[in-house]
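Trainee: Fold the following.
(2 chains)
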Number of protein chains: 2
Amino acid sequence: MAKPTPLSGFPELLPAARTVEREVIASLSRTFELHGFANIETRVVEPLDRLAKGGEIDKEIYLVRRLQAEDSADTADATAPDRQLGLHFDLTVPFARYVLENAGHLEFPFRRYQIQPAWRGERPQEGRFRQFTQADIDIVGKDDLPFHHDVEVMRVMVQALGDLPLPRLSFQLNNRKLIQGFYRGLGIPDVTSAIRQIDKLDKLPSETVADLLVENAGATAEQAGRCLELATIRISDHSLVERVQALGVSDELLNRGLAELASVIEGCADAVAATNGRVSVEANLRIARGLDYYTGTVVEIFMEGYERLKSVGGGGRYDALADDGRTTYPGVGISFGISRTLVPLISDGVLTGSRPVPSAVLVALADEVSRPESEHVAEALRGRGIACEVAPSPQKYGRQIRYAERRGIPFVWFPAGATHDSDQVKDIRSGDQVDADAATWSPPDADLRPGIVVSATDETSSTDERQKQ
Amino acid sequence: MAKPTPLSGFPELLPAARTVEREVIASLSRTFELHGFANIETRVVEPLDRLAKGGEIDKEIYLVRRLQAEDSADTADATAPDRQLGLHFDLTVPFARYVLENAGHLEFPFRRYQIQPAWRGERPQEGRFRQFTQADIDIVGKDDLPFHHDVEVMRVMVQALGDLPLPRLSFQLNNRKLIQGFYRGLGIPDVTSAIRQIDKLDKLPSETVADLLVENAGATAEQAGRCLELATIRISDHSLVERVQALGVSDELLNRGLAELASVIEGCADAVAATNGRVSVEANLRIARGLDYYTGTVVEIFMEGYERLKSVGGGGRYDALADDGRTTYPGVGISFGISRTLVPLISDGVLTGSRPVPSAVLVALADEVSRPESEHVAEALRGRGIACEVAPSPQKYGRQIRYAERRGIPFVWFPAGATHDSDQVKDIRSGDQVDADAATWSPPDADLRPGIVVSATDETSSTDERQKQ
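Mentor: Predicted coordinates:
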């Protein structure tokens, strides 16, 4: 078997880096659960007809079929040969299906979080992978879902991300009712198309977008100008409502959207303050999110210094997440791109794991015969929640210490024996060695479990006074 | 969108059942980490040429390719069009590839655990799924790996599974050296084929297996009889060595295998004792594990009352887990089938989650205007690690209590207001309602987080005195 090479677009982490990802997932899960979100996991495949909707994403879908069935019309599921299967490309499609399938067993509003990989066959580049892990939270109602859940979901994600050691994050909010009402109030013929054109502002110059508004949405040049004017508004304080009203467009839907947007920003204020500058929230009226299913609040999340990744998360309100013909399930949710965020931060050295192994202690081994004594010490430590391993072979103690050093294990334990009467433990970083009892000794809290180490680079970038590079 | 129907072989759990799975995964992870096993996660796809080895499993492999590329020779990975991709069918193949790919960045012996789904396109039946989650631990050395790691891996899995609220588990051990040596000592011409025939004893009557030994392994009828005699030995105490030696076959490899097997059983004794009867370990000399890569210790795990599932876990020693032409990586590991075990126990009602939501408390809502006060209480509780949610709408308190009841939330919190001067909390199971302060009140430990509830059925089946049904 030759040495294998990595597969482009399918990043894998070494053990220390995986520690970073696990700590992030644990922290997110804790926050989501504190707010009553239940975890679910869906199968990775969906029937192709649920995945492919004729949109851009279709051509990125991965089909799944049994090798055996490759040359026949038969597909992955032998019990339903007419249904082709594909890997899900996000967690929203499978969640919507899960809600419909299990509606009779769920209590609504149903709040769930889901942290799983998804797959897209796009061209791999920084932060864009073919397999990537996402963390999604959604609240879904039956028939209706009060607006205050829009505020709630946003607050929860602000708190969850504010707890992570990431570069500063910016939540940029808008509201589809606001945009639609504004366009309608302006008298633009094709409001839906107009939204789609405005959504291209992050890729195209504004003059081009203006032309597209005229060409595709039937706007006059003057109307296109007003649309672009709206799209330039970025505000994080109370002047939002005033600024929009100053544009002189009057529409009932616009007013509702504006009030909702102001409420979400206002409702997040204390949660934002609690993040000590890690997270900011502002209205950015050019955020549209092209997807047709959004109907109110929309949000995209950007990471300071990593604007080139585009958004690292996003979401919003959809009045029909799912619909089985009898019942409609409205929802509001946000997705955070774990791989998109962490893989670049890890490869830039901004985040690393404090060590590649869980072990806080290596129990040294005097000779092979005394392995049971060393195991006994290890078991006593484990019984008190201290991860440890026994040295694999009875080398000279100096070599056992170097073995611990290479693995990043901070402490080496020497069972009582020839050289000393009682057990001793050495902090191999300082060299300090003290008598110790496995029934009572504990490492400092910071050494108990591996954690995330944030490099100075990141500290710099989160300090206002410094220049950005 | 019509109501979707489940996909056969792709089980999904409702939120309460998912709690069971999450608690099991958390408990296993904790034990593995206490023993110094680092977690890794591999991508779900492997190049087809690494997966397909011409064996039985080949026809169960799921191929993955981009929808766009469906009709051309192009496959999932556009950068390497000659490499077809498949979903991994276990965690051993991807782990071996990960070790080879990253050997320069790993410290050996490398101990890792991995808990992920795998996929096999086999016919779905109880405990056999097309997508299923496994928990694997392995220790891998570079060039060599001392035997004591065989004992270690077995002890760790005994401890890990002994902590779970499962029906009684039986570890049934054997050693490939013992079998091979015995057959060689007997003078059987084709030892490898003989092992493969003996492995069929769980499906075929022993007379048929005897015939197969004669037919395929070149054994005489007398030799076949001795092979079967060896295969009937099941012993959990010190008489093992004696019993095997009494068969009168003498072979150096047999002796080594016998000594190893006795050491593993002996080495697990205290770990087994600590499980209070939840786990037993015994030699069962008909366990062969058909896979060719095992070279020493082999184990299969069975669950009492669920023998129809066949083994719920297994593993062993392989002297060449991976090999890149220059270096060989021997390993020893065990895999535990999380889906295979839990899905049947959950659908039989043996295990359930104590509630489908993380929330321990529902904070009631007097009216929509006082939502901030209720949120304030909720935040105070969350700050102290108590999961809670605020009632979605200001219904009458009786209806809010019933709302909590339907969700399985044990406590309802009433902020101070019209009906009472101070905050109060009600245990909705007992009806007890007391004054409470969100800065100090805590639920009983048992109510803090959802947990696993074991039904009486299981208690019965783990009690020796009762008859099995």
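
Trainee: What is the host helix or strand of A:I346 packed up against?
Mentor: Per DSSP states H and E: A:I346 is located in helix A:338-347. The contact analysis (3 or more C-beta pairs under 8 Å, 6 or more residues apart in numbering or on different chains; DSSP states H and E) places helix A:338-347 against helix A:15-34, strand A:131-140, strand A:351-353. C-beta coordinates here come from the backbone N, C-alpha and C atoms, glycine included.

Trainee: Out of the ones you listed, the one nearest chain B is which?
Mentor: Judged by C-beta to the nearest C-beta, the one of the helices and strands packed on helix A:338-347 that comes nearest to chain B is helix A:15-34, at 3.8 Å.

Trainee: quick revisit: of all the helices and strands packed on helix A:338-347, which lies closest to B:L28?
Mentor: When those are compared by C-beta to C-beta, helix A:15-34 sits nearest B:L28, at 14.1 Å.

Trainee: Nearest to B:Q180 among the helices and strands packed on helix A:338-347 would be which one?
Mentor: If we rank the helices and strands packed on helix A:338-347 by C-beta to C-beta, the stretch that ends up nearest is helix A:15-34, at 35.0 Å.

Trainee: is the closest one up against chain B anywhere?
Mentor: Yes - judged by C-beta under 8 Å from any C-beta of the partner chain, helix A:15-34 comes into contact with chain B through A:15, A:18-19, A:21-22, A:33-34.

Trainee: any chance of these in JSON lines, plus neighbour count?
Mentor: Formatted as JSON lines, the residues of helix A:15-34 next to chain B follow (neighbours: other C-beta atoms under 10 Å in any protein chain shown):
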{"residue": "A:P15", "neighbour count": "25"}
{"residue": "A:R18", "neighbour count": "20"}
{"residue": "A:T19", "neighbour count": "26"}
{"residue": "A:E21", "neighbour count": "21"}
{"residue": "A:R22", "neighbour count": "18"}
{"residue": "A:E33", "neighbour count": "19"}
{"residue": "A:L34", "neighbour count": "25"}
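
Trainee: Nearest to A:R243 among the residues you listed?
Mentor: Of the residues of helix A:15-34 next to chain B, the one sitting nearest to A:R243 (C-beta to C-beta) turns out to be A:L34, at 35.6 Å.

Trainee: surely the closest one meets B:G385?
Mentor: Yes - when contacts are counted by C-beta atoms under 8 Å, A:L34 is listed as touching B:G385 (7.4 Å).

Trainee: What is the neighbour count of the residue of the stretch 251-400 of chain A found nearest chain B?
Mentor: Distances between the stretch 251-400 of chain A and chain B by C-beta to the nearest C-beta are smallest at A:E389, namely 3.4 Å. Number of residues near A:E389 (other C-beta atoms under 10 Å in any protein chain shown) recorded here: 26.

Trainee: Can you say which helix or strand has the most centrally placed residue in chain A in it?
Mentor: Central residue of chain A (C-alpha atoms, centre = their mean): A:F336, 2.8 Å from the mean position. Using DSSP H and E, A:F336 sits within strand A:328-337.

Trainee: is it true that A:C388 touches A:H376?
Mentor: No - A:C388 lies out of contact with A:H376 (C-beta under 8 Å); the separation is 11.8 Å.

Trainee: Just confirm A:G408 contacts A:L362, I think it does.
Mentor: No - in this structure, A:G408 is not within contact of A:L362 by C-beta under 8 Å, at 10.4 Å.

Trainee: Who has more neighbours out of those two?
Mentor: Counted by other C-beta under 10 Å, A:G408 and A:L362 do not tie: A:L362 has more neighbours, with 28 against 16.

Trainee: Tell me which two of the residues of helix A:15-34 next to chain B sit farthest apart.
Mentor: The distance between the two most remote of the residues of helix A:15-34 next to chain B (C-beta to C-beta) is 28.5 Å, for A:P15 and A:L34.

Trainee: excluding its backbone neighbours, what's nearest A:T192?
Mentor: Counting by C-beta to C-beta, 6 or more residues apart in numbering or on different chains, A:T192 lies nearest to A:D292, which is 7.3 Å off, once chain neighbours are set aside.

Trainee: how many other residues sit next to that neighbour?
Mentor: If you count neighbours by other C-beta under 10 Å, A:D292 ends up with 13.

Trainee: Could you do the one 10 residues further on as well?
Mentor: For A:F302, the count of nearby residues is 19 (other C-beta under 10 Å).

Trainee: What parts of the stretch 351-469 of chain A come near chain B?
Mentor: So the stretch 351-469 of chain A meets chain B at A:356-359, A:368, A:371, A:382, A:385-389, A:392-393, A:406-407 (C-beta under 8 Å from any C-beta).

Trainee: Can you tell me which of those residues are classed as buried?
Mentor: Among those, those classed as buried by 16 or more other C-beta atoms under 10 Å in any protein chain shown are A:356-359, A:371, A:382, A:386-389, A:392, A:407.

Trainee: Of all pairs in those, which one spans the longest distance?
Mentor: Farthest-apart pair in these is A:P356 and A:R371; separation 24.2 Å (C-beta to C-beta).

Trainee: Can you find the residue of the stretch 101-250 of chain A that comes nearest to chain B?
Mentor: Using C-beta to the nearest C-beta, A:G121 is the residue of the stretch 101-250 of chain A that sits closest to chain B, at 4.0 Å.

Trainee: What is the three-state secondary structure of that residue?
Mentor: Three-state call for A:G121 (DSSP: H, G, I helix; E, B strand; the rest coil): coil.

Trainee: Give me the distance between the residue lying closest to it once chain neighbours are set aside and A:R130.
Mentor: Leaving out its chain neighbours, the residue that sits closest to A:G121 by C-beta to C-beta, 6+ apart is B:R66, at 4.0 Å. For B:R66, the distance to A:R130 equals 9 Å [C-beta to C-beta, to the nearest Å].

Trainee: Equivalent analysis for A:Q395, please.
Mentor: Going from A:Q395 to A:R130 by C-beta to C-beta gives 44 Å.
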